[in-house]
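**Student:** take a look and give me a structure for this.
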Amino acid sequence: MLRNPAEKYRPFPTVRLTGRKWPSRTIERAPIWMSTDLRDGNQSLIEPMSIEQKTEFFEMLVQIGFKEIEVGFPSASQTDFDFVRKLIDEKRIPDDVTIEVLVQSREELIARTFEALEGVPRAIVHLYNAICPSFRKIVFDQSKEEVKALAVEGTRMIREHADARPQTHWTYQYSPETFSMSELPFAREVCDAVAQTWRPTRDHKMIVNLPATVEAATPNVFADQIEWMDRNLGYRDSIVLSVHPHNDRGTAVAAAELALMAGADRVEGCLFGNGERTGNVDIVTLAMNLYTQGVDPGLDFSDIDGVRRVVERCNQIPVHPRHPYAGDLVYTAFSGSHQDAIRKGFAQQKTGAVWEVPYLPVDPADVGRSYDAVIRVNSQSGKGGSTYLLERGMGFAPPRRVQIEFSHAVQTVADQSGEEVTGDAICALFAREYFETEGPAQRVNGSTVRWNKREIGVPATAAARADDHEAHAKAVAQEMSAAATQPVEITSFETVRTTDGRTAVFVGCRVGEQPMRHGVGVAEDEMTAVVDAVVSGVNRSGWPTVDRRVAA
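**Tutor:** Numbering: from 1, shown residues only. Predicted coordinates for the structure are as follows:
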């Protein structure tokens with residue numbers, strides 16, 4: 001049993017913030033997106049990406065629409081150094097894309113970083129150092145003044161190297177690592193000292209990136225921290241305020257969204273949430289959340305399966321089948337009630353109208369998914385799922401009474417197998433149940449039925465009334481009654497047009513004292529479909545194949 005948590009853990013303190021504004025705000029535009037898949041995401045992999053994999057990943061990020069991409073830590077990794085040089089030397093960086101590199105506040109590392117960036121048109125140089133109490137005490141044994149001095153000195157050295165290379169457009173980014181666990185006044189003090197050293201302007205802003213290096217509190221606390229910094233930072237009009245949420249508590253997406261409401265301009269994260277421990281914030285989910293609220297995210301996930309394949313191949317980590325927007329099963333319903341609602345939603349959804357299909361917050365087609373796998377049938381499914389798959393596979397939806405009857409047959413198969421019943425299997429089962437049942441009756445043509453080798457015809461008066469299909473069905477049943485020992489009664493009659501222009505006829509048929517069964521006929525000729533439906537219903541009633549009256 002877990003020990004009493006109050007004896008071991010302290011709740012994170014709340015932020016003293018009066019008149020907070022973020023709770024009443026909504027996100028009305030997309031943030032600046034920065035992908036750190038090739039740096040923060042890559043460093044978390046069991047097997048870091050090769051240069052070839054990083055190149056493939058980089059080109060995919062460009063295609064998606066990222067304008068800022070952190071490509072590595074070139075002073076700490078020869079692979080990262082070589083990759084940065086490859087991008088620059090082979091001119092692989094589009095004119096509207098800025099690469100970003102990470103560096104610590106050490107002179108030799110900063111010099112090596114600028115060596116890697118030599119000749120780049122545009123770049124963001126990203127300096128970081130940890131500032132929270134536990135890191136100051138446990139990891140670095142530094143005072144507040146020493147921590148601040150380290151950040152300021154690193155900024156000064158980067159400024160010198162940047163000024164020596166005026167042919168490149170340099171942007172500076174500073175991250176007070178472990179911000180979310182730091183004292184807010186001290187975080188502001190360090191960031192202000194860094195900004196005072198860099199001297200950003202409204203025309204040439206710097207980036208202050210506030211990481212939840214370890215997610216330590218509920219998302220509202222992080223939002224309070226961001227709003228406090230937004231209100232109190234110096235040089236605020238010359239700063240792009242960025243956030244870098246991690247997912248240790250499983251709420252990074254919520255923290256990022258609330259941070260945007262609290263004043264953040266920019267979000268750093270990874271596709272599908274890759275990263276150390278439980279990962280970085282998931283940019284795919286964030287962007288698609290905006291999309292489903294009517295906000296253009298500025299990122300193109302119209303081929304989300306293609307994006308997922310590249311990420312899985314390069315990261316060697318599978319995307320969970322229930323992952324929001326991208327998982328194999330997120331647009332799939334097995335539950336009967338869900339299936340029924342989705343099927344009705346599709347039936348009423350108009351092209352160009354606001355999307356209102358129950359249980360589907362986004363149109364699967366918008367992310368490159370077909371509707372084929374939206375509804376799948378297993379033992380938990382109901383008539384709605386089978387009906388949807390029949391409609392897609394055979395071109396018609398049976399009336400409700402036939403749906404209920406057929407669902408029992410599907411349920412039996414699903415219970416016996418314990419597995420999913422595919423759309424092809426459901427169509428084949430429907431054909432066996434309604435089109436292939438053997439019995440005493442066979443259709444000869446639209447007006448003649450063979451009953452135990454004896455041909456019986458429909459009265460000419462009924463055959464002439466081609467516009468009254470129900471009367472035709474009842475005439476066929478009447479002639480069968482005359483040829484047998486028990487009455488054949490038509491209890492219900494419905495028709496629909498199939499998607500390929502044929503007629504589908506559904507009849508309820510009761511033979512003598514037998515339970516009512518449904519018959520189905522589908523044909524291009526309407527009279528043929530009527531006769532087939534009656535024959536199907538009679539044969540499904542379980543009649544013997546020998547005419548009792550003839551046998552007597």
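
**Student:** how many neighbouring residues does residue 292 have?
**Tutor:** Neighbour count of residue 292, defined by other CB atoms under 10 Å: 14. From N, CA and C alone the C-beta is placed, and that goes for glycine too.

**Student:** check residue 52 too.
**Tutor:** Neighbourhood size, residue 52 [other CB under 10 Å]: 11.

**Student:** could you look up the SS state of it?
**Tutor:** helix (DSSP: H, G, I helix; E, B strand; the rest coil).

**Student:** any idea of the pLDDT on it?
**Tutor:** For residue 52, the model assigns a pLDDT of 97.

**Student:** and the nearest residue to residue 47 once chain neighbours are set aside, how far is that from residue 44?
**Tutor:** With CB to CB, 6 or more residues apart in numbering as the criterion, residue 47 has its nearest non-adjacent residue at 6.2 Å, and that residue is residue 316. According to CB to CB, to the nearest Å, residue 316 stands 12 Å off from residue 44.

**Student:** which of the two has more neighbours?
**Tutor:** Each of residue 316 and residue 44 has its neighbours counted (other CB under 10 Å); residue 44 has more, 17 against 12.

**Student:** tell me who's in contact with the more buried one.
**Tutor:** Neighbour list for residue 44: 274-277, 279 [criterion: CB atoms under 8 Å, 6 or more residues apart in numbering].

**Student:** what do you get if the cut-off is 7 Å, keeping everything else the same?
**Tutor:** 274-276 (CB atoms under 7 Å, 6 or more residues apart in numbering).

**Student:** give me the phi and psi angles of residue 439.
**Tutor:** When read as degrees, to the nearest 10, the backbone of residue 439 gives phi -170, psi -160.

**Student:** return the distance of it relative to residue 541.
**Tutor:** Computed as CB to CB, the residue 439 to residue 541 distance reads 8 Å.

**Student:** between these two, which one's more packed in?
**Tutor:** The neighbour comparison of residue 439 against residue 541 (other CB under 10 Å) goes to residue 541, with 22 against 19.

**Student:** can you pull up the bridge partners for the closest residue to the more buried one other than its chain neighbours?
**Tutor:** Nearest residue to residue 541 in three dimensions, chain neighbours excluded: residue 511, at 4.1 Å (CB to CB, 6+ apart). Beta-bridge partners for residue 511, by DSSP bridges, are residue 488.

**Student:** follow-up on the earlier one: of the contacts of residue 44, just the buried ones, ChimeraX syntax please.
**Tutor:** Typed into ChimeraX, the line below selects the buried ones among those, using 16 or more other CB atoms under 10 Å:
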select :274,275
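
**Student:** and the contacts of residue 44, which of them are in strands?
**Tutor:** Among the contacts of residue 44, no member falls in strands (DSSP state E).

**Student:** out of the contacts of residue 44, which is nearest to residue 327?
**Tutor:** Closest approach to residue 327 among the contacts of residue 44 (CB to CB): residue 274, at 14.8 Å.

**Student:** excluding chain neighbours, what is closest to that closest one?
**Tutor:** residue 41 (4.3 Å).

**Student:** does that neighbour count as helix, strand or coil?
**Tutor:** helix.

**Student:** for it, the count of nearby residues, please.
**Tutor:** Residue 41: 28 surrounding residues under other CB under 10 Å.

**Student:** just the one 4 residues further on next, same as before
**Tutor:** Counted with other CB under 10 Å, residues neighbouring residue 45 total 15.

**Student:** over to the one 5 residues further on?
**Tutor:** Other residues near residue 50 number 12, with proximity taken as other CB under 10 Å.

**Student:** need the phi and psi values for it.
**Tutor:** Backbone torsions of residue 50, given as degrees, to the nearest 10, read phi -80, psi 170.

**Student:** what about it, distance to residue 456?
**Tutor:** Using CB to CB, residue 50 is found at 77 Å from residue 456.

**Student:** how about residue 192?
**Tutor:** Between residue 192 and residue 456 the distance is 98 Å, computed by CB to CB.

**Student:** try residue 46
**Tutor:** Taking CB to CB as the measure, residue 46 falls 76 Å from residue 456.

**Student:** repeat that for residue 174.
**Tutor:** The span separating residue 174 from residue 456 equals 92 Å under the rule CB to CB.

**Student:** equivalent analysis for residue 215, please.
**Tutor:** As judged by CB to CB, residue 215 and residue 456 stand 78 Å apart.

**Student:** for residue 159, same thing?
**Tutor:** In terms of CB to CB, residue 159 sits 100 Å off from residue 456.

**Student:** do the same with residue 251
**Tutor:** From residue 251 to residue 456 the distance is 73 Å (CB to CB).

**Student:** between the two, who's got more neighbours?
**Tutor:** Using other CB under 10 Å as the criterion, residue 251 and residue 456 rank with residue 251 on top: 20 against 17.

**Student:** tell me which residues touch that one, please.
**Tutor:** By CB under 7 Å, 6+ apart, the residues touching residue 251 are 215, 218-219.

**Student:** name the member of those residues with the most neighbours.
**Tutor:** In the contacts of residue 251, the most neighbours by other CB under 10 Å go to residue 215, 23 neighbours.

**Student:** ramachandran angles for that one?
**Tutor:** phi -70, psi 110.

**Student:** next one: residue 60
**Tutor:** phi -70, psi -40.

**Student:** hmm, who's touching the lengthiest helix in the chain?
**Tutor:** In the chain, taking DSSP state H as the definition, the longest helix is helix 144-163. Under the contact criterion CB under 7 Å, 6+ apart, helix 144-163 has outside partners 105, 107, 110, 114, 125, 127, 129, 131, 136, 170, 172, 174, 186, 189-190, 193-194, 197-198.

**Student:** so which of the residues you listed sit within helices?
**Tutor:** 107, 110, 114, 186, 189-190, 193-194, 197-198.

**Student:** and those residues as a markdown table, adding pLDDT and distance to residue 399?
**Tutor:** Formatted as a markdown table, those follow (pLDDT from 0 to 100; distance: CB to CB, whole Å):
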| residue | pLDDT | distance to residue 399 |
| --- | --- | --- |
| 107 | 97 | 80 |
| 110 | 98 | 75 |
| 114 | 98 | 74 |
| 186 | 97 | 71 |
| 189 | 98 | 73 |
| 190 | 98 | 71 |
| 193 | 98 | 75 |
| 194 | 98 | 71 |
| 197 | 98 | 76 |
| 198 | 98 | 72 |
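
**Student:** can you tell me which of those residues are classed as buried?
**Tutor:** Among the ones in helices among the contacts of helix 144-163, those scoring as buried are 110, 114, 186, 189-190, 193-194, 197-198 (criterion: 16+ other CB under 10 Å).

**Student:** nearest to residue 395, of these?
**Tutor:** For these, the nearest to residue 395 is residue 114 (65.6 Å; CB to CB).

**Student:** tell me the contacts of that closest one?
**Tutor:** 161, 165.

**Student:** ok, it to residue 129 distance?
**Tutor:** In terms of CB to CB, residue 114 sits 19 Å off from residue 129.

**Student:** what residues does stretch 473-492 touch?
**Tutor:** 401, 441, 449, 451, 454, 456-459, 462, 493, 507-512, 516, 530-531, 533-534, 538, 547-549.

**Student:** what's the closest non-adjacent residue to residue 201?
**Tutor:** residue 238 (5.3 Å).

**Student:** hmm, back to that, residues in contact with the residue nearest to residue 274?
**Tutor:** 270, 274-275, 280.

**Student:** got those as a markdown table, with distance to residue 120 and pLDDT columns?
**Tutor:** Below are the contacts of residue 41 laid out as a markdown table (distance: CB to CB, whole Å; pLDDT from 0 to 100):
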| residue | distance to residue 120 | pLDDT |
| --- | --- | --- |
| 270 | 23 | 98 |
| 274 | 26 | 97 |
| 275 | 25 | 96 |
| 280 | 25 | 98 |
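
**Student:** next, count neighbours for the nearest residue to residue 389 once chain neighbours are set aside.
**Tutor:** Counting by CB to CB, 6+ apart, residue 389 lies nearest to residue 423, which is 4.0 Å off, once chain neighbours are set aside. Using other CB under 10 Å, residue 423 has 21 neighbouring residues.

**Student:** which pLDDT value goes with residue 423?
**Tutor:** Reported pLDDT for residue 423: 80.
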